[in-house]
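Student: Have a look; sequence and predicted model below, questions after that.
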Amino acid sequence: MARDSLSIAQTSDAPLHAGSVLSTLNDDGTRRWLRPRVSLGRFLSGRRAVAYILIAIFISLPLLRIGGRPLILLDIPARRFHILGQTFYPTDTLLLALLLVTVFLTIFWLTALFGRVWCGWACPQTVYMEFLFRPIERFFEGAPGRRNLNKLQSSSLRKPLKFAVYFVCCFGLAHVFLAYFVSWDLLSQWVFGSPVAHPVGFVVVGFVTLAMLFNFGYFREQVCLVACPYGRFQSVMLDRHSLTIRYDQTRGEPRKGSEKTDVPLAVLHGQASAGDCVDCRMCVTTCPTGIDIRNGVQMECIGCAQCIDACDAVMAKIHKPAGLIRYSSLAAMKGEKFKILRPRVVLYPSVIVLLSALFLFVLSGTGIADVTVLRGPGQPFSAIGDTDIENHLRLKITNRTAAPARFQVSVTGVDGARIGADAADLEIGPDQTLTNSLPLLVPRSAFLEGKRQVVFVVHGPGEFERRIPFVALGPSGGGSKHSEDHQ
Ligand code: SF4
Ligand code: SF4
């Protein structure tokens, strides 16, 4: 197996063992629990800053409003999504599809450029695991490999206390998560009200809390290793010039083996080595997915750069230049010139620009309201006395604005055609949809062959006008009274 290919197995001729198949598997099939060391360094500092900014954004997004609407609210019960001040309805399938495809293509593009930058720097799984739950764990159980534990860390209460704090965090995060679906205002009412009054919300919070607790307390890195699909297909998104975290084999090999896997750094000083790697395994013990980056780029590598920080610290101590493990590309490692203009790096942004333009074009055409005219259930028309035919229709108007709006409905195209008075003038609340019966009265004499085209005209606030052609049905044969029998 080539060292630079993505693999789940170690690259050597040695026989396969459980750890080659899954880095968290012991030979007897049990789980190898990981407690990665923290490696301080520039990348950890950068990731920590990004993580806390992202956590702050996650918590504050449901609180923010734009143009009178929530910045983000996925209001599933009301079947509408508020995203960045814009409201999307189930009828906006094209817009939502464009938005979704654009987001995915952007992730593909970033992956082609920077490898798994999303996984290592911004994925909620990494952010919360590494910068919230692991620090809590270290607080209660001590840092991995540390022997002088304090009183709390050596007490038998350390695990129950850790899980109690985990529970509080998960409970809080579950509420924030729910706020994306029900808004902070409603959530606040629920929090201070009785759970009996909102059983669904209560069950959702309970379920999300337990799911998070299971994930961050037990499942952990298994999400990245076996559950997340993104890691599985990243290999098709990378090319020779994609930036990934790599071990410089030319410089590092042959490595000087240390006698123990956990050699104190001081011992390393002055060690002679053919290559720069002193086989201290600091890059391995710090890895949150338990892999050895020296075996080549692997599917399990989430690009967290902890191995870079660990190895740079070792290099500094043995007075070698940093960067034995570094952000690089397959081409650069082979001494090839970096190529910025590659097919996928050009293709992805081109399609993204195209889709974004299409999205804006479709969005600009939505106007302040959606209007639909539908035939009502039951008989299509009935006679009103000797003079008129009534079509039983339904009118659906969605007010897409953040303020109440009045809409006037009229009909044109046939002399004497009119609408029942109570359907002609409608007030609709902000972001509300009104479905109303729409009685259309057309003179009997207008029907020559059982139908007649009319045009509904809907006026709303400002310049809003929507014209909807519609075929009214009536008696055939010139409108004689008996012809209504075929209804
Ligand atoms: S941290 Fe650096 S020196 Fe130590 S084993 Fe890893 S690559 Fe080799
Ligand atoms: S190999 Fe390095 S970058 Fe990849 S997950 Fe492990 S520590 Fe992070």
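Tutor: Sure, I can see it. Numbers count the residues shown, from 1 in each chain. Ligands and ions are numbered 1, 2, ... in the order given.

Student: Just want the residue of the stretch 101-250 of the chain that's nearest ligand 2.
Tutor: Per C-beta to the nearest ligand atom, residue 245 is where the stretch 101-250 of the chain lies closest to ligand 2, at 4.3 Å. Glycine gets a C-beta too; all of them are placed from N, C-alpha and C.

Student: for that residue, helix, strand, or coil?
Tutor: Counting by DSSP: H, G, I helix; E, B strand; the rest coil, the backbone at residue 245 sits in strand.

Student: Chain neighbours aside, what residue packs nearest to it?
Tutor: residue 303 (5.6 Å; C-beta to C-beta, 6 or more residues apart in numbering).

Student: Return the backbone torsion pair for the one you found.
Tutor: Here is the backbone geometry of residue 303 (degrees, to the nearest 10): phi 70, psi 40.

Student: Can you get me a residue count around it?
Tutor: 22 (other C-beta atoms under 10 Å).

Student: so what's it up against?
Tutor: The contact partners of residue 303, taken as C-beta atoms under 8 Å, 6 or more residues apart in numbering, are 115, 116, 117, 119, 120, 121, 244, 245.

Student: Now residue 242. Nearest residue, chain neighbours left out?
Tutor: Closest residue in space to residue 242, ignoring its immediate chain neighbours: residue 115 at 5.3 Å, by C-beta to C-beta, 6+ apart.

Student: To clarify, my last question referred to residue 167.
Tutor: Distances taken as C-beta to C-beta, 6+ apart place residue 213 nearest to residue 167, at 6.2 Å, with adjacent residues excluded.

Student: The one you found and residue 168 touch, don't they?
Tutor: No. With contact defined as C-beta atoms under 8 Å, residue 213 does not count as touching residue 168 (10.4 Å).

Student: So between these two, which is more surrounded?
Tutor: residue 213 (19 against 12).

Student: And the nearest residue to residue 222 once chain neighbours are set aside, how far from residue 382?
Tutor: Take residue 222 and drop its neighbours on the chain: the residue closest to it by C-beta to C-beta, 6+ apart is residue 24, 6.9 Å away. Counting by C-beta to C-beta, to the nearest Å, the gap from residue 24 to residue 382 is 72 Å.

Student: Which one's more surrounded, those two?
Tutor: Set residue 24 next to residue 382 and count neighbours by other C-beta under 10 Å: residue 24 wins out with 20 against 14.

Student: ok, back up a step: buried residues of the helix or strand hosting the residue nearest to residue 167, list them for me.
Tutor: Element membership of residue 213 [criterion: DSSP states H and E] is helix 199-214. By 16 or more other C-beta atoms under 10 Å, the buried positions in helix 199-214 come out as 201, 202, 204, 205, 208, 209, 212, 213.

Student: swap in stretch 158-173?
Tutor: 158, 162, 163, 166, 169, 170, 171, 173.

Student: now, which of those lie within helices?
Tutor: Residues of the buried residues of stretch 158-173 located in helices (DSSP state H): 158, 162, 163, 166, 169, 170, 171, 173.

Student: Surely the first one is in contact with residue 151?
Tutor: No. With contacts counted by C-beta under 8 Å, residue 158 stays clear of residue 151, the gap being 9.9 Å.

Student: what's the host helix or strand of residue 160 in contact with?
Tutor: Element membership of residue 160 [criterion: DSSP H and E] is helix 158-182. Here helix 158-182 makes contact (C-beta under 8 Å, 6+ apart) with 58-59, 61-63, 72-77, 128, 132-133, 136-137, 140-141, 152, 187, 190-191, 201, 204-206, 208-210, 212-213, 216-217.
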